[in-house]
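Engineer: Sequence and computational prediction follow.
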Amino acid sequence: MPDSDKREEIRRVASQSFAHFGFSKTTMDDIGRQVGLNKASLYYYYKNKEAIFCEIIEAEGEAFLAGLKEKIRTRDGWDQKIQAYLLERQRYFQQAANLHKLSVKTADQLQFQPMFRELADRFAQREVSLIRDILNQALDLGQIRETDTLKTARVILSVANSLKNEHMGIRKTDLAMDDDVFKSIEEDTRFAVGLILDGLSCQS
């Protein structure tokens, strides 16, 4: 089996284990047994489970962004496109946290690892670029006031992230969200970002 196919099989099996047992309780030995590899052979493909998880998250994130671009194209209005994007990204975060059963402690540990920091930075750049493109199009059409679209896109994402983190910060054990928490984040984000978008609109 080619290395790429074996790595894909490892990621698939690992993803199932994370979903069933949780990331923190899944070991490299567990993954190795399920794909028929001893520890030494498994380490040939991945140095640790964090590296496997990082590739899983990256693939999921790429698929999410690609699908979302198609979704928001059908929305009317530049402001509705941005609000729709922010809502969908929050749903994606909720689904990912629930699927992989991430604990607050594990998430805190992972965010300081270089591979996850680099992945988060790349994903953030893609997000900023997506929102900036929407703003640039609106600017070209005379729908918004003159503004630094790059800085504005960054501020919009910072506000959305801050509100999400504020709600998640009160959680002591896991990152999984129930519907009430998700609704609170959605409402606060829509309100706060709406103030920014209203200020940009030439119709305000």
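Structural biologist: Right, received. Where do you want to start?
Engineer: Quick one, grab the pLDDT at P2.
Structural biologist: As summarised for this prediction, P2 has a pLDDT of 68.
Engineer: which parts of the longest helix seen in the chain are buried?
Structural biologist: Once the chain is assigned using DSSP state H, the helix that runs over the most residues is helix 114-140. Of all the residues in helix 114-140, those buried under the rule 16 or more other CB atoms under 10 Å are 115-116, 119, 123, 127-128, 130-132, 134-135, 138-139. (Glycine included, C-beta is placed from N, CA and C.)
Engineer: swap in stretch 57-76?
Structural biologist: Taking 16+ other CB under 10 Å as the neighbour-count basis, stretch 57-76 is seen to contain the buried residues I57, E60, G61, F64, L65, L68, I72.
Engineer: Just those residues: which are in helices?
Structural biologist: In helices, judged by DSSP H, the following of these are found: I57, E60, G61, F64, L65, L68, I72.
Engineer: Any chance of a markdown table for these, columns distance to I185 and pLDDT?
Structural biologist: Below are these laid out as a markdown table (distance: CB to CB, whole Å; pLDDT from 0 to 100):
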| residue | distance to I185 | pLDDT |
| --- | --- | --- |
| I57 | 20 | 88 |
| E60 | 20 | 85 |
| G61 | 19 | 86 |
| F64 | 17 | 86 |
| L65 | 20 | 87 |
| L68 | 18 | 86 |
| I72 | 19 | 87 |
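Engineer: wait, which of those is closest to L37?
Structural biologist: I57 (21.9 Å; CB to CB).
Engineer: Report the separation between the closest residue to the closest one other than its chain neighbours and L200.
Structural biologist: Closest residue in space to I57, ignoring its immediate chain neighbours: L119 at 6.7 Å, by CB to CB, 6 or more residues apart in numbering. Spatial separation of L119 from L200 under the definition CB to CB, to the nearest Å is 30 Å.
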